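Trainee: Need coordinates for the following:
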Amino acid sequence: MRRSTFILVLLLWAGLPSAQVQADGGVVRASESVGPWRITVFSAPVPLRAGPADISVFVQDQTTRKPLLTARVDVVLTDELGQRMTQRATRQDATNRLMYAALVTLPTAGRWSVDVTVQDGQLSESISLEVDVGPAWPPWTDHLPWLVLPLVGLGLFAGHQVLAARHQSRLRP
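Mentor: As a prediction, the model looks like this:
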């Protein structure tokens, strides 16, 4: 019983919405071979929502599959109204040092165009993709784990009291 309760609490807490972004996570949005490289673009959170977001890029040599660590990677995001945001993706912003991450704040929901340009020396290649961005989570959801956690504790305490009462009633003749 204790193990299943712990797993249930853990799953409930992990499933709560949050505006935090963890770099180098998420879902593969595009992976293309262009020029001498394979460029793979990831985005987080999943699903992508207005607010903080991570666009991570993994660049590999197409023949050896070794990561390219000396590139300059630029990410240009354009919304449906033509508003543009340009962000340099760096290895310093990435938790996985084999990738380049651009930490951005998407101001609105809608369809966004993402253009990723990789430049190494004189060689430059780009890929483009489109992503759907959902509406932002309401601000109060940032505090939801702290609001739910005491209720979980109260529920566990109440469950313990019920089980203790049953156990006591069995012991009495």
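
Trainee: Now for the closest residue to G26 other than its chain neighbours, how many residues are close by?
Mentor: Sequence neighbours aside, A44 is the residue nearest to G26 in space, at 3.0 Å (criterion: C-beta to C-beta, 6 or more residues apart in numbering). To be clear about C-beta, it is placed using only N, CA and C from the backbone, and glycine gets the same treatment. Other residues near A44 number 20, with proximity taken as other C-beta atoms under 10 Å.

Trainee: Read off the pLDDT value for A44.
Mentor: The model reports A44 with a pLDDT of 93.

Trainee: If it is in a bridge, with which residues?
Mentor: Residues in a beta bridge with A44, per DSSP bridges, are D54.

Trainee: isn't it right up against A53?
Mentor: Yes - between A44 and A53 there is a contact under C-beta atoms under 8 Å: 6.8 Å.

Trainee: give me every residue that touches P67.
Mentor: Counting by C-beta atoms under 8 Å, 6 or more residues apart in numbering, P67 makes contact with 58-61, 98-99.

Trainee: Now R97: phi and psi?
Mentor: phi -70, psi 0 (degrees, to the nearest 10).

Trainee: about what we covered before: which of the contacts of P67 are buried?
Mentor: Applying 16 or more other C-beta atoms under 10 Å to these, the neighbour count classes 58-60, 99 as buried.

Trainee: Show me which of the residues you listed is closest to D74.
Mentor: The closest of these to D74 turns out to be V59 (C-beta to C-beta; 12.3 Å).

Trainee: Alpha carbons only: can I get the helix or strand encompassing that closest one in CSV?
Mentor: Using DSSP states H and E, V59 maps to strand 51-61. This file holds the C-alpha atoms of strand 51-61, laid out as CSV (Å, rounded to 0.1, in the frame of the first residue of the first chain):
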residue,chain,number,x,y,z
GLY,A,51,5.9,31.9,-22.4
PRO,A,52,9.4,30.5,-21.7
ALA,A,53,10.6,28.0,-24.3
ASP,A,54,13.8,26.2,-25.2
ILE,A,55,14.8,25.6,-28.9
SER,A,56,17.8,23.2,-28.9
VAL,A,57,19.8,22.3,-31.9
PHE,A,58,22.1,19.3,-32.4
VAL,A,59,24.5,19.6,-35.4
GLN,A,60,26.4,16.5,-36.6
ASP,A,61,28.8,15.9,-39.4
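
Trainee: any idea where the helices of the protein begin and end?
Mentor: 2-14, 144-171 (DSSP state H).

Trainee: For the last one, buried residues please.
Mentor: Going by neighbour count (16+ other C-beta under 10 Å), nothing in helix 144-171 comes out as buried.

Trainee: Okay, domains of this protein per the record?
Mentor: As given by automatic domain parsing, the domain ranges for the chain are 2-10+141-171, 19-136.

Trainee: Right, I'll call it a day here.
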